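Trainee: let me see the structure of the following:
(2 chains)
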2 protein chains.
Amino acid sequence: MSLTAVGSLAFDSVSTPFGERERMLGGSAVHFALAANFFTEVKIVSSVGEDFGEAEIDVLTSRGIDTTDVERVEGGETFFWRGSYEYDMNLATTEETRLNVLESFVPKLTDGSRGSETLFLGNIQPHLQRQVRAECEQSNFAGLDSMNIWIENERETLIEAIGEVDCLLLNDAEIRQLTGEANLTRAARAVLEMGPKIVIAKQGEYGAALFTEEFFFAMPGFPLEDVMDPTGAGDSFAGGFLGYVDKHRDELDEHTLRRGMAYGSVLASFNVEEFGTERVARLTEDEIEQRLREFRQITHFEI
Amino acid sequence: MSLTAVGSLAFDSVSTPFGERERMLGGSAVHFALAANFFTEVKIVSSVGEDFGEAEIDVLTSRGIDTTDVERVEGGETFFWRGSYEYDMNLATTEETRLNVLESFVPKLTDGSRGSETLFLGNIQPHLQRQVRAECEQSNFAGLDSMNIWIENERETLIEAIGEVDCLLLNDAEIRQLTGEANLTRAARAVLEMGPKIVIAKQGEYGAALFTEEFFFAMPGFPLEDVMDPTGAGDSFAGGFLGYVDKHRDELDEHTLRRGMAYGSVLASFNVEEFGTERVARLTEDEIEQRLREFRQITHFEI
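Mentor: Just a heads-up that it's a prediction; the model follows:
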């Protein structure tokens, strides 16, 4: 099994009430790949500038993540984001965004990336997501993430892209915004009618909820006393979920989806404990399994 | 076993995007008692005016709820609240509050109410909650609810009242406000240091979370497509939780608390399906058990 992820590689400068970091390795494809990599073989499709050095690539390749289709643009600079969080940590304030090489990014897939069974279309322009989806003909399970700017500015293309994937992963507020339905359950049903068989509402500290025509499943947030930096939590969730799903493609039933939600929650909960990729980059499989058991405990009751 | 609840009996006029009602039966003690009554014997301590008629009392007494200590004030009028909800249904806008007889309310307990094993101090002035707590010497498990106006205006008395109970039930935003801690897990720990052994954070559509020194437990919200009127959901939750706890006082362990959280969630989820007490007033035990099983399904995963 293998999993191709298209998305950003970035430098993030983040300040929270608990500290700040300059130009950390970040981006949706990075957080996604580091999480999914615990479960399956991951290939990244993206673009970076000359400022993206060996040290950054090493964080990925040293874990076996395939960066063949990360294009290095001569004379270009890597996508840069500067943001901050206030005390409640639920809302990021963007202070600076420089798209740089992503402004003219056209995903270029070699046969390796094109041949994955599972696909993650991270948060980029919807027409690029559609292009990658079309190229990956052998992929028969695709997840898509997006954000408010595409809902506002590229709504029709985004809805077409959503219609071509199996699973939409979006913040609950964005699912409401996309569908114009204030009630999340109705909003999720409206997305199911657009095409996907699965809708996952990411709910920040409250956890995540999964909707299909057949069943509903919800995970609470993990009770962390120290949330250092929420950046990338949604992509870590997607990486844990889709990584687990790809690993178990031969038994893709309700139980697999439930466990995938649990693993997504585990990876997201580790992601926010430290800045950027710091925590997930040194995470172990034992720690993942231990937290999975803790997650099961915190929702378990006997009738 | 029996459960004494002090709180308001009220007339509520509510408008939501799905309809409106004038002068429905409402109030914290009403929503609480109708929920708790499925599990145990409930006695209400409150005060009403002459406008509170036989029909309203009958809703309570016909279900066996003891209204002996509901004082009827001659020439007085019953507490009245008018509020509305916008499309997102998470935030009530208060348009009119007339305390009426509650302005000079002094709880008067007969031996029956005073002798209950379990006590619910609904959202009233903290010094009245303390008075009732002190009177009920035989009660060895007490829960307390409150709200932002007491946190802002009666903070010290409220903290003393909290120090005298076993379980605090509060909205998560109010737990943060009370403790000055933005992180809910830290905020809950700060409340545990005030005295209670149990802190329950009510999280609206996201469910509820329970914190003790020993364990954490969380329930998601039920995926309802039709939320008509959220008024009283928190009191229905408290009624389901404390009613179940009172019924199982002989086995008050972690499993009982977890199941109590589940029953609280079940009662709250029914409460919001229709206006005021409409849904819970005709609820059956079979429906409660059915939804309990559904709640278990939506959080259950095998490792």
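
Trainee: when you work out contacts or count neighbours from here on, use the C-alpha atoms and nothing else.
Mentor: Will do.

Trainee: is it true that residue A:272 touches residue A:230?
Mentor: Yes - with contact defined as C-alpha atoms under 8 Å, residue A:272 reaches residue A:230; the gap is 4.7 Å.

Trainee: residue A:236: what's it in contact with?
Mentor: By C-alpha atoms under 8 Å, 6 or more residues apart in numbering or on different chains, the contact list for residue A:236 reads A:31-36, A:264, A:267-268, A:271.

Trainee: chain B: which of those is nearest?
Mentor: Set against chain B, the nearest of the contacts of residue A:236 by C-alpha to the nearest C-alpha is residue A:264 (13.2 Å).

Trainee: tally of neighbours for that closest one?
Mentor: 29 (other C-alpha atoms under 10 Å in any protein chain shown).

Trainee: which ones are touching it?
Mentor: A:236-241 are the contacts of residue A:264 under C-alpha under 8 Å, 6+ apart.

Trainee: need phi/psi at it.
Mentor: Dihedral angles of residue A:264 (phi, psi; degrees, to the nearest 10) stand at phi -60, psi -40.

Trainee: and it, what pLDDT?
Mentor: The confidence metric pLDDT takes the value 98 at residue A:264.

Trainee: looking from chain B, tell me which residue of the stretch 1-150 of chain A is nearest.
Mentor: residue A:88 (5.3 Å).

Trainee: can you pull the contacts of that residue?
Mentor: Per C-alpha under 8 Å, 6+ apart, neighbours of residue A:88: B:182-183.

Trainee: could you measure from it over to residue A:228?
Mentor: Distance, residue A:88 to residue A:228, by C-alpha to C-alpha, to the nearest Å: 11 Å.

Trainee: on that earlier part again, which SS class is the residue of the stretch 1-150 of chain A closest to chain B?
Mentor: Here residue A:88 is recorded as coil under DSSP: H, G, I helix; E, B strand; the rest coil.

Trainee: now it. Its backbone dihedrals?
Mentor: phi -80, psi -10.

Trainee: check it and give its pLDDT.
Mentor: 74.

Trainee: and the gap between it and residue A:203?
Mentor: From residue A:88 over to residue A:203 (counting by C-alpha to C-alpha), the distance is 14 Å.

Trainee: please apply the same query to residue A:23.
Mentor: 27 Å.

Trainee: neighbour-wise, which of these two wins?
Mentor: residue A:203 (19 against 14).

Trainee: my read: residue A:99 touches residue A:79, true?
Mentor: Yes - counting by C-alpha under 8 Å, residue A:99 does reach residue A:79; the two are 4.8 Å apart.

Trainee: quick one: which of those two has more around it?
Mentor: The neighbour count for residue A:99 versus residue A:79, taken as other C-alpha under 10 Å, is higher for residue A:79 (23 against 16).

Trainee: buried residues in stretch A:190-197?
Mentor: For stretch A:190-197, burial by neighbour count (16 or more other C-alpha atoms under 10 Å in any protein chain shown) applies to A:190-192, A:194-197.

Trainee: contacts for it?
Mentor: A:159, A:162-168, A:175, A:179, A:198-199, A:212-213.

Trainee: go again using 10 Å as the cut-off
Mentor: A:142-144, A:159-168, A:175-176, A:178-181, A:184, A:186, A:188, A:198-199, A:211-214 (C-alpha atoms under 10 Å, 6 or more residues apart in numbering or on different chains).

Trainee: do the same with stretch A:251-259
Mentor: A:198, A:210, A:212, A:214-219, A:240-242, A:244-250, A:260-265, A:292, B:298-303.

Trainee: same thing but at 6 Å, please
Mentor: residue B:301 (C-alpha atoms under 6 Å, 6 or more residues apart in numbering or on different chains).

Trainee: now it, how far from the chain's geometric center?
Mentor: Between the centre of stretch A:251-259 and the centre of its chain there are 19 Å (C-alpha atoms, centre = their mean, to the nearest Å).

Trainee: buried residues in that stretch?
Mentor: Under 16+ other C-alpha under 10 Å, the buried positions of stretch A:251-259 are A:256-259.

Trainee: ok, stretch A:208-222 next?
Mentor: A:208-212, A:216-222.

Trainee: of those, closest to chain B?
Mentor: Among those, and counting by C-alpha to the nearest C-alpha, the member closest to chain B is residue A:217, at 4.4 Å.

Trainee: just the element for residue A:169, please.
Mentor: strand A:167-171 (DSSP states H and E).

Trainee: no wait, residue A:35
Mentor: With DSSP H and E as criterion, residue A:35 is part of helix A:28-36.

Trainee: next secondary structure after that helix?
Mentor: Next along the chain after helix A:28-36, with elements defined by DSSP H and E, is strand A:41-48.

Trainee: in its sheet, what does that following strand sit against?
Mentor: Strand A:41-48 has its sheet partners listed here by DSSP bridges as strand A:2-6 (parallel), strand A:66-72 (parallel).

Trainee: so how far is it off the chain centroid?
Mentor: Distance, centroid of strand A:41-48 to centroid of chain: 13 Å (C-alpha atoms, centre = their mean).

Trainee: just the helices from the stretch 201-303 of chain A, written as ranges.
Mentor: A:233-247, A:254-271, A:278-281, A:285-299 (DSSP state H, counting those that start in this stretch).

Trainee: what packs against the shortest one?
Mentor: So that's helix A:278-281. Packing partners of helix A:278-281 (3 or more C-alpha pairs under 6 Å, 6 or more residues apart in numbering or on different chains; DSSP states H and E): none among the helices and strands.

Trainee: for the record, mean pLDDT for it?
Mentor: 96.

Trainee: over to the last one?
Mentor: Helix A:285-299 shows a mean pLDDT of 97.

Trainee: who in chain A is up against chain B?
Mentor: A:87-88, A:182, A:185-186, A:216-218, A:223, A:225, A:258, A:298-299, A:301 (C-alpha under 6 Å from any C-alpha of the partner chain).

Trainee: same list (those) but as JSON lines, adding distance to residue A:153.
Mentor: Below are the residues of chain A next to chain B laid out as JSON lines (distance: C-alpha to C-alpha, whole Å):
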{"residue": "A:87", "distance to residue A:153": "30"}
{"residue": "A:88", "distance to residue A:153": "28"}
{"residue": "A:182", "distance to residue A:153": "20"}
{"residue": "A:185", "distance to residue A:153": "25"}
{"residue": "A:186", "distance to residue A:153": "23"}
{"residue": "A:216", "distance to residue A:153": "31"}
{"residue": "A:217", "distance to residue A:153": "31"}
{"residue": "A:218", "distance to residue A:153": "30"}
{"residue": "A:223", "distance to residue A:153": "36"}
{"residue": "A:225", "distance to residue A:153": "37"}
{"residue": "A:258", "distance to residue A:153": "33"}
{"residue": "A:298", "distance to residue A:153": "40"}
{"residue": "A:299", "distance to residue A:153": "39"}
{"residue": "A:301", "distance to residue A:153": "45"}
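
Trainee: can you list the strands paired with strand A:41-48 in CSV and add mean pLDDT and mean neighbour count?
Mentor: What follows is the strands paired with strand A:41-48, written out as CSV (pLDDT from 0 to 100; neighbours: other C-alpha atoms under 10 Å in any protein chain shown):
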stretch, mean pLDDT, mean neighbour count
strand A:2-6, 98, 28
strand A:66-72, 98, 18
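
Trainee: out of these, flag the one nearest residue B:116.
Mentor: Closest approach to residue B:116 among those (C-alpha to C-alpha): strand A:2-6, 60.5 Å.

Trainee: restricting to C-alpha, output that closest one in PDB.
Mentor: Provided in PDB are the C-alpha atoms of strand A:2-6 (Å, rounded to 0.1, in the frame of the first residue of the first chain):
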ATOM      1  CA  SER A   2       1.100   3.600  -0.400                       C
ATOM      2  CA  LEU A   3      -0.200   7.100   0.000                       C
ATOM      3  CA  THR A   4       0.500  10.100  -2.100                       C
ATOM      4  CA  ALA A   5       0.000  13.600  -0.500                       C
ATOM      5  CA  VAL A   6      -0.100  16.800  -2.400                       C
END
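
Trainee: fine by me, thanks again.
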